[in-house]
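*Asks:* Predicted coordinates and the sequence they were generated for:
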Amino acid sequence: MSQTIAVLDFGSQYTQVIARRIRECNIYSRIFPYSVTAAELRKANVSGIILSGGPSSVLTKGSPRPDKKIFQLGVPVLGICYGLQLMGKLLGGDVAKSDRREYGRGRLTIKKKGRLLKGLPKSIKVWNSHGDKVTALPEGFEPIAGTENSDYAVIEDATRNFYGLQFHPEVVHSERGDDIIKNFLVGVCKCKQDWKMSNYVDQAIQDIRDQVGDSRVILGLSGGVDSSVAAALIHRAIGDQLTCVFVDNGLLRLRERDRVEQVFRDHFHVDLRVAKSGKRFLKALKGVTDPERKRKIIGKIFVDVFEDTVKKIGDVDFLAQGTLYPDVIESVAIDGNPAALIKSHHNVGGLPKRMKLKLLEPFRELFKDEVRALGKELGLPDEMIWRHPFPGPGLGVRVMGEIKKSYLDTLREADAILLEEMKRTGYYSKVWQAFCVFLPVQTVGVMGDERTYDYVIALRVVESVDAMTADWAHIPHDILQIISNRIINEVKGVNRVVLDISSKPPSTIEWE
Ligand SMILES: Nc1ncnc2c1ncn2[C@@H]1O[C@H](COP(=O)(O)OP(=O)(O)OP(=O)(O)O)[C@@H](O)[C@H]1O
Ligand SMILES: O=c1[nH]c(=O)c2[nH+]cn([C@@H]3O[C@H](COP(=O)(O)O)[C@@H](O)[C@H]3O)c2[nH]1
Ligand SMILES: NC(=O)CC[C@H](N)C(=O)O
Ligand SMILES: [Mg+2]
């Protein structure tokens, strides 16, 4: 059994990033609500405790406080930002509102040899995000490093093993932040770095069994990365209690349904229901041209199809989803941010309210690359793990304006050629997404001396890390030439191919 580090969550947007950095050190971590008791942490046999940052101020009455007894467990404690301020406040020091708030880049100057900063240069760039600061250290602590604005940016009580950082070592903008975290985990907590993704699988399977008991679970399986890995994991945990529902909405890529059926039914022997609803979707979308209306209609029919399937299966208690941590964070940001209304992302999250199902979301704490590693661990074929993201509304938002079956068929063929060439040349794995867009615009061409009046296909190939920002990928001209040639020659009804060279922002990745 690997050692466990407890991360107490005080509401920081980076709590999951801290947990991720710990996993990257090959050490197991668990996130607990800040209110977890010392007794519970003792029971979990934790080797170290990290107090996360948070939006509150320790100076505000009623702001979140941990159980004070966690400082008597004899276990090392590291406070980050709000966590450090909590230690300042609770252990007998003092905290005040700073007259200069520090946001963004800062410079840390190391004054003294300590355990957290072992092996680091005298000065490093760090990432700050705070308005309060510790003004008097609790007894036993000494200052190790400071920033322009704070003498107590790194503090240590090496006797009791209490440490504090005013900046955020977990974000990539903090230089050597991973070394600082590792110094705490390995140097102070004495953790062995023996945890692997395969251990995560075992743990997750146990958690799923505990949560589900002998209830039935359904999962919307799209064949995309997240839901596929979720299906494989949950199936391993509860076998036949899981039913997967694949909705063929008629807006899928070429041979998508066959591929999903083959992998999940034949290879993994999962109970897979295929809802063939292409006609239903197309009927509802007939004559609709507005992108937002298209998205809303597709979202609604998804729910209807799901409900029909649940009725057929009978007493289902859980709805499983492949929700990732960035999905969670983004939907949190959506609440207060009107800009999030740029597109209504298709979201099965609308389901539970109407269907009274409990949610099962084993990846809520993970990032896409970690889910991919999990998929590998579970034996999913590389082809499935490394697929590009594909939006729920599918080709419905890649045929501009009104959706017609003939347009979809044309788009499917063109898209298959693009993907085939991207894979053949090795570019598929180098970009975030590559797809075709169908433009219902006719232009004049000449083929075999004959006049043509056919449609336009646009190529969209982008690089990105998280889809929040993206740039068009610089694919070599000779490859583009082959793609364009093949599409015009092989796809009937297309006589022109254009390349999208817009970044996000100000454009978006999908055209609708
Ligand atoms: N055709 C479909 N049939 C059933 N469920 C679907 C379908 N399309 C999307 N979903 C559901 O919607 C969820 C969100 O879609 P999303 O595209 O974000 O994830 P994904 O398809 O699993 O992975 P990826 O991001 O790699 O495409 C999926 O996890 C899946 O549960
Ligand atoms: O599951 C999804 N449902 C949707 O409705 C949806 N719309 C866009 N996308 C994907 O999200 C990323 C960002 O897309 P945009 O730049 O077009 O907003 C890109 O990766 C898009 O493919 C969606 N995914
Ligand atoms: N990032 C944080 O943890 C911020 C802590 C506290 N809210 C401050 O502004 O100082
Ligand atoms: Mg998808």
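*Replies:* The structure has been received and is ready for your questions. Ligands and ions are numbered 1, 2, ... in the order given.

*Asks:* Next, the buried residues of stretch 47-64.
*Replies:* Using 16 or more other C-beta atoms under 10 Å as the test for burial, stretch 47-64 gives 47-54, 56, 58, 63-64. For every residue, glycine as well, the C-beta is placed using N, CA and C.

*Asks:* okay if I get those residues as TSV plus distance to ligand 4, secondary structure and pLDDT?
*Replies:* What follows is the buried residues of stretch 47-64, written out as TSV (distance: C-beta to the ion, whole Å; DSSP: H, G, I helix; E, B strand; the rest coil; pLDDT from 0 to 100):
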residue	distance to ligand 4	secondary structure	pLDDT
S47	38	strand	97
G48	37	strand	98
I49	37	strand	98
I50	33	strand	98
L51	36	strand	98
S52	31	coil	96
G53	32	coil	95
G54	33	coil	92
S56	36	coil	92
V58	42	coil	96
S63	39	coil	94
P64	36	coil	95
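
*Asks:* Just the closest of those residues to ligand 1, please.
*Replies:* For these, the minimum distance to ligand 1 (C-beta to the nearest ligand atom) is 26.7 Å, reached by S52.

*Asks:* returning to what we had before: redo the buried residues of stretch 47-64 as a markdown table? Include distance to D466.
*Replies:* Putting the buried residues of stretch 47-64 into a markdown table (distance: C-beta to C-beta, whole Å) gives the following:
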| residue | distance to D466 |
| --- | --- |
| S47 | 31 |
| G48 | 29 |
| I49 | 29 |
| I50 | 24 |
| L51 | 27 |
| S52 | 21 |
| G53 | 21 |
| G54 | 23 |
| S56 | 27 |
| V58 | 32 |
| S63 | 31 |
| P64 | 28 |
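
*Asks:* Adding distance to ligand 3, write those out as CSV.
*Replies:* Formatted as CSV, the buried residues of stretch 47-64 follow (distance: C-beta to the nearest ligand atom, whole Å):
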residue, distance to ligand 3
S47, 23
G48, 19
I49, 16
I50, 12
L51, 9
S52, 7
G53, 3
G54, 5
S56, 6
V58, 7
S63, 9
P64, 11
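
*Asks:* pretty sure P143 is touching I155, no?
*Replies:* Yes - using C-beta atoms under 8 Å, P143 makes contact with I155 at a distance of 5.7 Å.

*Asks:* Which of the two has more residues huddled nearby?
*Replies:* I155 (27 against 17; other C-beta atoms under 10 Å).

*Asks:* need the contact list for that one.
*Replies:* The contact partners of I155, taken as C-beta atoms under 8 Å, 6 or more residues apart in numbering, are 84, 134, 137, 141-144, 163-164.

*Asks:* And L359, by the same measure?
*Replies:* 318-321, 352.

*Asks:* Indicate each strand paired with whatever helix or strand it lives in and its parallel or antiparallel sense.
*Replies:* Taking DSSP states H and E as the criterion, L359 maps to strand 358-360. Each strand paired with strand 358-360, and its direction, by DSSP bridges: strand 318-320 (parallel).

*Asks:* Tell me where the stretch 201-350 of the chain is predicted with low confidence.
*Replies:* Residue ranges of the stretch 201-350 of the chain with pLDDT under 70: 326-350.

*Asks:* What ranges does it have for its strands?
*Replies:* 217-220, 242-248, 271-276, 318-320 (DSSP state E, counting those that start in this stretch).

*Asks:* Which of these sits closest to D290?
*Replies:* Closest to D290 of those is strand 242-248 (C-beta to C-beta; 22.4 Å).

*Asks:* which residues are contacting that closest one?
*Replies:* 216-223, 231, 234-235, 256-257, 260-261, 264, 270-278, 302, 305-306, 309, 313, 316, 320.

*Asks:* That strand vs strand 271-276, what angle?
*Replies:* Computed with axes from the mean of the first three to the mean of the last three C-alpha atoms, to 10 degrees, the direction of strand 242-248 lies at 20 degrees from that of strand 271-276.

*Asks:* Now do strand 242-248: distance to the chain's middle.
*Replies:* Centroid separation between strand 242-248 and its chain, computed with C-alpha atoms, centre = their mean, to the nearest Å, is 22 Å.

*Asks:* same thing with stretch 156-167?
*Replies:* Going by C-alpha atoms, centre = their mean, where stretch 156-167 is centred and where its chain is centred differ by 31 Å.

*Asks:* Mind checking if it is in reach of ligand 3?
*Replies:* No - shown here: stretch 156-167 not in contact with ligand 3 (C-beta under 6 Å from any ligand atom), separated by at least 8.4 Å.

*Asks:* switch to numbering from 115
*Replies:* Got it, the first residue is 115 from now on, which makes the last one we talked about stretch 270-281.

*Asks:* Same question for that stretch: list its buried residues.
*Replies:* For stretch 270-281, using 16+ other C-beta under 10 Å, the buried residues are 270-271, 274-281.

*Asks:* rewinding a little: which neighbours do P257 and I269 have in common?
*Replies:* What both P257 and I269 touch, as defined by C-beta under 8 Å, 6+ apart, is the set L251.

*Asks:* residues contacting S617?
*Replies:* Contacts of S617 by C-beta under 8 Å, 6+ apart are 583-586.

*Asks:* That should have said G436, apologies.
*Replies:* Contacts of G436 by C-beta under 8 Å, 6+ apart are 338-344, 475, 477, 485.

*Asks:* nearest spatial neighbour of it, skipping sequence neighbours?
*Replies:* Nearest residue to G436, sequence neighbours excluded (C-beta to C-beta, 6 or more residues apart in numbering): D340, at 3.0 Å.

*Asks:* That neighbour contacts A434, correct?
*Replies:* No - counting by C-beta under 8 Å, D340 does not reach A434; the two are 10.8 Å apart.

*Asks:* neighbour count winner among the two?
*Replies:* Between D340 and A434, counted using other C-beta under 10 Å, the more crowded position is A434 (27 against 20).

*Asks:* Give me the distance between that one and K482.
*Replies:* 18 Å (C-beta to C-beta, to the nearest Å).

*Asks:* same question, R387
*Replies:* For R387 relative to K482 (C-beta to C-beta), the value is 26 Å.

*Asks:* So for those two, which sits in the more crowded spot?
*Replies:* Using other C-beta under 10 Å, the more surrounded residue of R387 and K482 is K482, with 19 against 14.

*Asks:* give me the residue from the protein nearest ligand 1.
*Replies:* Closest point on the chain to ligand 1, by C-beta to the nearest ligand atom, is G338, at 2.2 Å.

*Asks:* ok, the nearest residue to V558 once chain neighbours are set aside - contacts?
*Replies:* Leaving aside its sequence neighbours, V558 sits nearest to Y567 (C-beta to C-beta, 6+ apart; 5.8 Å). Going by C-beta under 8 Å, 6+ apart, Y567 touches 556-559, 609.

*Asks:* Then L386?
*Replies:* By C-beta under 8 Å, 6+ apart, the neighbours of L386 are 335, 357-360, 374-375, 378-379.

*Asks:* hey, which strand is longest across the chain?
*Replies:* strand 208-224 (DSSP state E).

*Asks:* Return the set of buried residues in that one.
*Replies:* Buried residues in strand 208-224 (16+ other C-beta under 10 Å): 209, 216, 220, 222, 224.

*Asks:* Outline the domain layout of this structure.
*Replies:* Per automatic domain parsing, the structural domains of the chain span 118-302, 311-499, 512-613.

*Asks:* Mind putting these into TSV with distance to ligand 2?
*Replies:* TSV is the format used below for the domains of the chain (distance: least, C-beta to the nearest ligand atom, whole Å):
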stretch	distance to ligand 2
domain 118-302	20
domain 311-499	4
domain 512-613	4
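
*Asks:* so which of the ones you listed is the most packed in?
*Replies:* Among the domains of the chain, ranked by average contacts under mean count of other C-beta atoms under 10 Å, first place goes to domain 118-302 (a mean of 19).
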